[in-house]
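Asks: Next come a sequence and a model predicted from it.
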Amino acid sequence: MMKIGVCVVFSAMEDMDAKFKAVVDQGFDNCQLIWWKTDCWSDENAATINELVKKYGLTISAFWCGWDGPKAWNFYEGQKTLGLVPPEYREMRVKNLCDGADFAKKLGVENVVTHMGYIPENPYDPEYEPFCDAVRVVAEHLKKNDQYLLFETGQETPVTMLRCFETVGTDNLGVNLDTANVILYGKANPVDALEVFGKYVRNLHAKDGCWPVNGHDLGEETAIGKGKVDFRGVISKLYDLGYDAYVTIEREISGDEQVRDILAAKEYLGSLIEEVSK
């Protein structure tokens, strides 16, 4: 049975106890950690998290690993700033991802997720092979930790991601399917995307949103059920693929509205999963 969880975002050194207590108070028993501040991945913080996870009876399904340097979430500056694609940030971010994986290892987490950037769709692009070489370095580091490197969907077409997996060639690559991102970036819809890389999905962000309406900006994220994601189709396809892992709700706003939307999504997705599994 698929397990519904929620994202927990750490931007710096917030009250960790309060963050994990909120997860339990919302009725979840698992979460995906999203952490961008690379200088916070310390032994002390790992020990604190391990204590809190035990205290609250939580499972960390994946560690979403950030990286240093600029990041712009659009179709123009994003090409030059995101992930391992820009050559000027590649070496630094390879180290970031390896360090983040080592931190996740201390938490007992085997799935490490990140955005890889706008992977060149043309395999003859001069940056395609160097990018894949960098991914391979990270993947081989994670393999020593018995971990999987998960690409979060969005900035590349499903076929481009699949081609990258084939080029890199390690057996520990996977997909964190963000159901909204493939739409927000105008690359695919998540149901059809599963036809391409479904066997690689090891976690997902349950999120909703709309298609882009101009050539510069991503589409708009929405509450689940108010965008263009066919969640019934996604859950049904995942079930057909034999997926029985985590469905992690992500709502990228804050405050009371975020909590309301998360709780509504939990109820909606729970009903769909129960219905599909009958």
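Replies: Yep, that arrived. Numbering: from 1, shown residues only.

Asks: Work out for me the element Val113 sits within.
Replies: Using DSSP states H and E, Val113 sits in strand 111-114.

Asks: What average pLDDT does that strand get?
Replies: Regarding strand 111-114, the rounded mean pLDDT is 98.

Asks: As PDB, could you dump the C-alpha coordinates of it?
Replies: This file holds the C-alpha atoms of strand 111-114, laid out as PDB (Å, rounded to 0.1, in the frame of the first residue of the first chain):
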ATOM      1  CA  ASN A 111      17.100   7.900  -1.300                       C
ATOM      2  CA  VAL A 112      18.800  11.200  -2.100                       C
ATOM      3  CA  VAL A 113      16.900  13.600  -4.300                       C
ATOM      4  CA  THR A 114      17.900  16.800  -6.200                       C
END
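
Asks: For it, which strands pair with it and how are they oriented?
Replies: Paired with strand 111-114 in the same sheet, following DSSP bridges, are strand 59-65 (parallel), strand 148-152 (parallel).

Asks: I'd like to know which elements the very next helix or strand once past it is packed against.
Replies: Under the assignment DSSP H and E, the closest C-terminal helix or strand after strand 111-114 is helix 128-144. Other helices and strands packing on helix 128-144, by 3 or more C-beta pairs under 8 Å, 6 or more residues apart in numbering; DSSP states H and E, are helix 87-106, strand 148-152, helix 158-168. C-betas here are computed from N, CA, C, even on glycine.

Asks: out of these, deepest packed?
Replies: Of all the helices and strands packed on helix 128-144, strand 148-152 has the most neighbours on average by mean count of other C-beta atoms under 10 Å, namely a mean of 24.

Asks: what's it in contact with?
Replies: 62, 64, 97, 101, 110-116, 135, 138-139, 142, 161, 164, 170, 172-176, 178, 181, 202-203, 205 (C-beta atoms under 8 Å, 6 or more residues apart in numbering).

Asks: Of those, which count as buried by neighbour count?
Replies: Among the contacts of strand 148-152, those classed as buried by 16 or more other C-beta atoms under 10 Å are 62, 64, 97, 101, 110-116, 135, 138-139, 142, 161, 164, 172-176, 178, 181, 202-203, 205.

Asks: low pLDDT regions in the stretch 1-150 of the chain?
Replies: 13 (pLDDT under 70).
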